[in-house]
Structures are given as structure tokens and as C-alpha cells.
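> got a structure for you, letters missing:
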């Protein structure tokens, strides 16, 4: 059976992380997964923004996207963990709180829409793990990355809170590790594996800037000490934070981590024998050369 | 409709708060506390939300939470600091306390439907990489519905 999704592009991936979008589209196409473009989605309303201003109107705006996916009769697929978390949160709250659903539907009624339960929300990584399955991925591997030590960085909104995100264990997540192992690479265990980049809250000026840089330093340091060749994330926000963090750390402190940061699909794509350029690896902030030199690419 | 203050009260659930054992699990789990402990401490912030709500909304600290949900995940008493801080922001907005950065991004969402602005020729650039166009704003229809869902009052509050 062919897997088919309504692609929810989000803003960070389609505006700031084109390399990741290129890679994701190429990998999914090669795997035979269909991505449908659906018109008229709006922003997922990052929780820390519109929800912060008005809880219910924020929720209604997020739910509007679920209504659209429902009409298209397709599961929704996000490129970003933040979108995944927000859409899943809206789905959970509306499916479990009747009076909240009533209020939100009252707002949605103003634009002729109604939230009905039943929409499936997936993320690039959860879709690969849950829907495509590890076993099918295994059969697609052409060039196992046996010399690569990859440090998984889970991020937050793919598995927390477990109240509505059921992808992985909330304390000891391991699905990204399993996905990395499928590519033939070694999954590195390190202290900051399940830490947070604070990217989703990095809007609020100097203090959040300061916090995100300090955390980026801890994460890069910890992965580097365990001999990781690259950090593998599930979220474009984490890529941005960890790459921009390296640029700032080099400028402000003179520390150059030279740590390539990639999304899981990049690693998967390489192990499927796809060329770095096909995966948009030539337009990243990180220098991928040292990593690629360790992979046997024809 | 329920106001944010009422929602906040429902979520704080005073009875439940008396169950707070002051164990500090929230603070120990918070990535922000790891980075800026002198400024951000969810355990103390939560107490201040309960006992000094009118004061706390004048400060910007509770806008720092990045929604990682670790405190909510781990609270042994089932208190949800993440959602509580979110509703505290709603209450602050109602009272007219809006920090400038979130306000700016909100204005961008009102204008283009995106939290990340897209420059004029961006689609040419995407085309060079074989990616479909996304437009400088979300579709007209989506923008119009977004405007209606946000409502005039909220838009006015954020635009001023």
C-alpha cells in the first residue's frame, strides 16, 4: 500500500532550511511515499506566539489546519517538530475536552469550518518509523554508513509531553537511535541526547539568545567529547539553533566545534546511496566535507 | 465564553496546587534553568503566578518558557506548569503587558500568515533548487480566515 500524506510545510523548514526540505522530498520520493500539496494551510501558530495571546483563538487557528487535512481525507505530515507538537496538542485538547471543543468550533464556525476528530498527525520521523517501518527502511539501504558515529538529538516536540505525543518513551527515547542504526551508522550515547535547544522559545530577545547559546555549547561539547562525526536531529529548529550556535560560538568565544548538524533524512538519504547534492547538503551552514570524506560515495 | 483568568484558575486548580510538594522537579528538569538559573526558576515562578499574579504579569520572565514540557511531564503531582505559564501570558496580554519581540512576530503572522518573513524573490530561489513556490504570504483565503479567527479585538490589541 502506498503511503500518502498532506504535506504541511511549516515556516522554518520551507523558508530557513531549504536543504532539509530538498533532502526530505528526495528521500520520500525514493521511498515511494506520496506527498500531496494541500492549499490554504495557515501557520501552526507556534504555541509561544498566538496561543500566548489568546489560548482559544490560537487553538482554533491550529485546528483550522486539521479541518483542512480532514477535508482532504489525508493524514497530515509535518517537517518540523514544533508544528507536529502544536497540531498534536490541538488534536488532543479538542478530542478530550468537550467544552473547549465547543468554544473552538464556535470560533471556527465564523469561517464556516468545524473541527471533527479523526485526523492523523505525523512527522517526517514518526512517519518513517511508525508507518514506513524499520524493516522496509532496511531494504532500501545501499551504502551502509559503517564508519560514521552519529549523535542523535531528539529535541522536544516529537515526544514530549507523552500525554499526547505517543512516539517514544518520555524519559528514555530510543526510536531515533534505532533509525540511525538502520543506516549502518553507530548511534552515539551522550549526556545531552535528550536535552532541549530552546529554539521554540528563542523569540524573546537577549535572555533567550543567551540561554540558547549556552545550551548549544553544552550539546555540541557533549556530542564532540563522545567522538560524534555529526549530530542528527528530528527538527529544523534544532538544526538552526545548533548551526547558528556554532557560528556564534566561533565568533564570540573562538571555539570552533566543526560539528555537522543534519536531519535524520539526510543520514538516511546518504545510506540509500543518494548524492550529497541531491540531498541539498551543499547549501548547509555546516561544512559537511569531513563527514562526507568518511563515506564511500561514488 | 470562558475568560483566560477563569481558564487559568481551572488549570491551576487550587486544590491540586496545595499538593505541590516543592520538590523542585520542574526546576531540575528545566533547560532554561540550566542555562540561566539566576533568572529562570519554574518552581518559584509557579508560586508567584498563584500568589502574586498581578505582579508577575508585569515581568517578562514567564515569556521565556520554550514549551519543552519536561516539567509537565515529570511533575509527580500532575501540575502543568507549561500550560499555566501560557495562560499567564494570556492574562498579561489582556492587561496590556506585551513584550516587544513576541508582538513583532505576531504582527508578521497577521501580515503574511507566517512567523518567519519571506522576501520578495524567494520563490525564484526555491525554483533554482527544484522546490515548489510558497508565495510571500499564505493564500488570500487562508489570510482572510486567519483574520476572522483572530478577531478584531486581538488584532487591534497587538497592532497598537
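Done, it's in. Being a predicted model, the structure only gives us computed values, none of them experimental.
> mind checking the SS state of the residue of chain B found nearest chain A?
Residue of chain B nearest chain A, by Cβ to the nearest Cβ: residue B:66 (2.7 Å). Yep, even glycine has a C-beta here, placed from its N, CA and C like the rest. Assigned by DSSP: H, G, I helix; E, B strand; the rest coil, the conformation of residue B:66 is coil.
> Over to the one 5 residues further on?
Assigned by three-state DSSP, the conformation of residue B:71 is helix.
> In space, what's closest to it - neighbours in sequence excluded?
Leaving aside its chain neighbours, residue B:71 sits nearest to residue B:26 (3.6 Å; criterion: Cβ to Cβ, 6 or more residues apart in numbering or on different chains).
> Can you name the residues that contact the one you found?
Each residue near residue B:26 by Cβ atoms under 8 Å, 6 or more residues apart in numbering or on different chains is listed here: B:42-43, B:46, B:71, B:74-75, B:79, B:81.
> Among the residues you listed, list the two that are farthest apart in space.
Spatial extent of the contacts of residue B:26 (Cβ to Cβ) is set by the pair B:46 and B:74 at 13.6 Å.
> In PyMOL, how would I select the buried members of the contacts of residue B:26?
Per 16 or more other Cβ atoms under 10 Å in any protein chain shown, the buried members of those correspond to this PyMOL selection:
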select buried, chain B and resi 42+43+46+71+74+75+79+81
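> Go through the contacts of residue B:26 and name the one nearest residue B:143.
Of these, the one sitting nearest to residue B:143 (Cβ to Cβ) turns out to be residue B:81, at 34.1 Å.
> Okay, that closest one and residue A:198: tell me how far apart.
16 Å (Cβ to Cβ, to the nearest Å).
> do residue A:267 as well
24 Å.
> Just say helix, strand or coil for residue A:164.
coil.
> ok, it - how many residues close by?
For residue A:164, the neighbour count with other Cβ atoms under 10 Å in any protein chain shown is 17.
> any idea what sits nearest it, other than its immediate chain neighbours?
residue A:92 (3.4 Å).
> what sits against residue B:38?
Counting by Cβ under 8 Å, 6+ apart, residue B:38 makes contact with nothing.
> ok, it to residue A:207 distance?
Distance, residue B:38 to residue A:207, by Cβ to Cβ: 11 Å.
> So residue A:156 sits against residue B:72, correct?
No: in this structure, residue A:156 is not within contact of residue B:72 by Cβ atoms under 8 Å, at 11.2 Å.
> Who has more neighbours out of the two?
Set residue A:156 next to residue B:72 and count neighbours by other Cβ under 10 Å: residue A:156 wins out with 29 against 22.
> For that one, which residues are in contact?
Remark: with contacts taken as Cβ under 8 Å, 6+ apart, residue A:156 is in contact with A:81, A:85, A:196, A:200, B:66-70.
> Can I get those residues in JSON lines including neighbour count, pLDDT and distance to residue A:259?
Shown next, in JSON lines, are these (neighbours: other Cβ atoms under 10 Å in any protein chain shown; pLDDT from 0 to 100; distance: Cβ to Cβ, whole Å):
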{"residue": "A:81", "neighbour count": "30", "pLDDT": "95", "distance to residue A:259": "20"}
{"residue": "A:85", "neighbour count": "30", "pLDDT": "95", "distance to residue A:259": "25"}
{"residue": "A:196", "neighbour count": "31", "pLDDT": "94", "distance to residue A:259": "18"}
{"residue": "A:200", "neighbour count": "30", "pLDDT": "77", "distance to residue A:259": "21"}
{"residue": "B:66", "neighbour count": "28", "pLDDT": "88", "distance to residue A:259": "22"}
{"residue": "B:67", "neighbour count": "26", "pLDDT": "89", "distance to residue A:259": "25"}
{"residue": "B:68", "neighbour count": "26", "pLDDT": "93", "distance to residue A:259": "22"}
{"residue": "B:69", "neighbour count": "27", "pLDDT": "95", "distance to residue A:259": "26"}
{"residue": "B:70", "neighbour count": "24", "pLDDT": "97", "distance to residue A:259": "24"}
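> Nearest to residue A:31 among those residues?
Closest to residue A:31, out of all of the contacts of residue A:156 and judged by Cβ to Cβ, is residue A:81, at 20.2 Å.
> From residue A:150, how far off is the residue lying closest to residue A:129 once chain neighbours are set aside?
Leaving out its chain neighbours, the residue that sits closest to residue A:129 by Cβ to Cβ, 6+ apart is residue A:175, at 5.2 Å. According to Cβ to Cβ, residue A:175 and residue A:150 sit 14 Å apart.
> again, but for residue A:3
25 Å.
> and residue 49, how many neighbours does it have?
In the absence of a named chain, this looks at chain A. 21.
> my bad, chain B
23.
> Against the centre of the chain, work out the most remote residue.
In the absence of a named chain, chain A is used. residue A:110 (32.3 Å; Cα atoms, centre = their mean).
> meant chain B, my bad for not saying
residue B:128 (35.9 Å).
> Can you tell me how far that residue is from residue A:224?
Taking Cβ to Cβ as the measure, residue B:128 falls 34 Å from residue A:224.
> same deal with residue B:29?
For residue B:29, the distance to residue A:224 equals 24 Å [Cβ to Cβ].
> Looking at these two, which is more packed in?
Neighbour count, other Cβ under 10 Å: between residue B:29 and residue A:224, residue B:29 has more, with 20 against 16.
> so what's that one up against?
The contact partners of residue B:29, by Cβ under 8 Å, 6+ apart, come to B:70-71, B:73-74.
> and the two most separated of those?
Spatial extent of the contacts of residue B:29 (Cβ to Cβ) is set by the pair B:71 and B:73 at 7.2 Å.
> And for residue 97, the neighbour number?
Since no chain was named, I'll use chain A. When neighbours are counted by other Cβ under 10 Å, residue A:97 comes out with 12.
> actually chain B
Using other Cβ under 10 Å, residue B:97 has 15 other residues around it.
> so it touches residue B:57, yeah?
Yes: counting by Cβ under 8 Å, residue B:97 touches residue B:57, with 5.3 Å between them.
> ok, back up a step: check contacts around the residue nearest to residue A:129.
Counted by Cβ under 8 Å, 6+ apart, residue A:175 has contacts A:125, A:129, A:167-168.
> For chain A, which segments count as strands?
Taking DSSP state E as the criterion, chain A carries its strands at A:4-8, A:34-37, A:76-78, A:121-123, A:149-153, A:186-187, A:230-233, A:261-263.
> Next, count neighbours for residue A:135.
Residue A:135 has 8 nearby residues by other Cβ under 10 Å.
> Now do it against residue A:168, distance only.
In this view, residue A:135 and residue A:168 are 18 Å apart by Cβ to Cβ.
> And residue A:43, by the same measure?
Counting by Cβ to Cβ, the gap from residue A:43 to residue A:168 is 26 Å.
> Look at these two and report which has more neighbours.
It is residue A:43, of residue A:43 and residue A:168, that has more neighbours when counted by other Cβ under 10 Å, with 25 against 22.
> which secondary element of the chain has the worst mean pLDDT?
Reading this off chain A. Each helix and strand of chain A was given a mean pLDDT (mean pLDDT, DSSP states H and E); the minimum falls on helix A:52-53 at a mean of 89.
> actually it's chain B I care about, not the one you picked
Result, chain B / mean pLDDT, DSSP H and E: helix B:14-17, a mean of 62.
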